[in-house]
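> below is the sequence, then the predicted model.
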Amino acid sequence: MTTKTLDAKGRVTLGLRFAGQTVIIDDSNPTCITIRPVVMIPADEAWLYKNQTALGLVRQGLDDARCGNFAEASPDVDGDLDWLNDVAE
């Protein structure tokens, strides 16, 4: 535990250990302030961390790429898009 004194503007420094980090400051309790380091995730990417199946597939793909395990054949983009010919405009 460390004792710190706030400056004239009510600021306190946490030290170099916390430099550059994003934190959440919970001051809802008037006798206790909690500061927690956090990692921010853009809202349009947060779905991935809520979908364990998709997250597992992404992690597996990253592991495969890291180990050099790639598909033998290139994707068949034209074949994959064939279904678009049947879609009404």
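That came in fine, so what should we check first? Numbering: from 1, shown residues only.
> buried residues, stretch 65-72. List them.
Neighbour counts over stretch 65-72 (16 or more other Cβ atoms under 10 Å) mark no residue as buried. Backbone N, C-alpha and C define where each C-beta goes, glycine included.
> who touches it?
Stretch 65-72 has contacts (Cβ atoms under 8 Å, 6 or more residues apart in numbering) with Asp64.
> can you give me how far that stretch is from the chain middle?
24 Å (Cα atoms, centre = their mean, to the nearest Å).
> what does stretch 21-33 give?
How far stretch 21-33 lies from its chain's middle: 22 Å, per Cα atoms, centre = their mean.
> how about stretch 63-75?
Centre-to-centre, stretch 63-75 and its host chain are 24 Å apart (Cα atoms, centre = their mean).
> what about that stretch, how long is it end to end?
20 Å (Cα to Cα, to the nearest Å).
> again with stretch 69-83
For stretch 69-83, the first-to-last residue distance is 29 Å (Cα to Cα).
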